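Q: sequence first, predicted coordinates after that:
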Amino acid sequence: MRARHLRTRAQFQALLGTPAVARSAHFALHRCADSAAAAASGTGALFAPPDAVWLGALAPKRWARRAVTRNAIRRQIYAVGQSLNPPLSAGAHLVRLRAAFAPAQFPSASSSALKRAVRAELLRLFDRGRDRA
């Protein structure tokens, strides 16, 4: 099942209002998995249908100055989210970049080394999030 992408500001804000379920050196994973609780809090209409998988990527300019880097990180988030086995559980998931990758270690804005590092860290992040579900 293909994950739907978060699109609206209200969807992102609803997830950012929840505590992070997993953290890594550069990312945080927020989740709103309980559709009954989401409907009761008024956010249920934001994630309709509630039994679908919703995935969002947030890469602020503060932590990734170049647009090329932000877009590469977002693409990696969506690609890893789609390739997980077992797949993500139903509900809304948001991966937020919370620290910059060292420019001295990754001088190119979109190098294959950066993409590999992001992918490896995202896999660990989703595993931690799955363990705490």
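A: Structure's in. What do you need? Computed from a predicted structure; not experimentally measured. Numbering: from 1, shown residues only.

Q: quick one: the helices in this structure, in order.
A: 9-16, 35-41, 67-83, 112-131 (DSSP state H).

Q: closest to Leu94 out of those?
A: Taking C-beta to C-beta, helix 9-16 is the member of the helices of the chain nearest to Leu94, at 4.0 Å. Placement of C-beta: from N, CA and C, glycine included.

Q: list the buried residues for the closest one?
A: Gln11, Phe12, Ala14, Leu15 (16 or more other C-beta atoms under 10 Å).

Q: swap in stretch 99-108?
A: Quick answer for stretch 99-108 (16+ other C-beta under 10 Å): Phe101, Phe106.

Q: just the CA trace of it, in PDB.
A: Extracted in PDB, the C-alpha atoms of stretch 99-108 (Å, rounded to 0.1, in the frame of the first residue of the first chain):
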ATOM      1  CA  ALA A  99      20.200  18.800  13.000                       C
ATOM      2  CA  ALA A 100      22.400  19.600  10.100                       C
ATOM      3  CA  PHE A 101      24.700  17.100   8.500                       C
ATOM      4  CA  ALA A 102      28.300  18.300   8.800                       C
ATOM      5  CA  PRO A 103      29.400  20.200   5.700                       C
ATOM      6  CA  ALA A 104      33.000  19.200   6.300                       C
ATOM      7  CA  GLN A 105      32.000  15.500   6.100                       C
ATOM      8  CA  PHE A 106      29.600  16.000   3.100                       C
ATOM      9  CA  PRO A 107      30.900  18.900   1.100                       C
ATOM     10  CA  SER A 108      28.700  18.200  -1.900                       C
END
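
Q: now do the same contact list for the residue nearest the centre of the chain.
A: Computing the C-alpha centroid of the chain and ranking residues by C-alpha atoms, centre = their mean puts Val95 first, at 1.9 Å. Residues near Val95 by C-beta atoms under 8 Å, 6 or more residues apart in numbering: Phe27, Ala28, Leu29, Leu55, Gly56, Ala57, Leu58, Ile77, Gly81, Leu122, Leu125.
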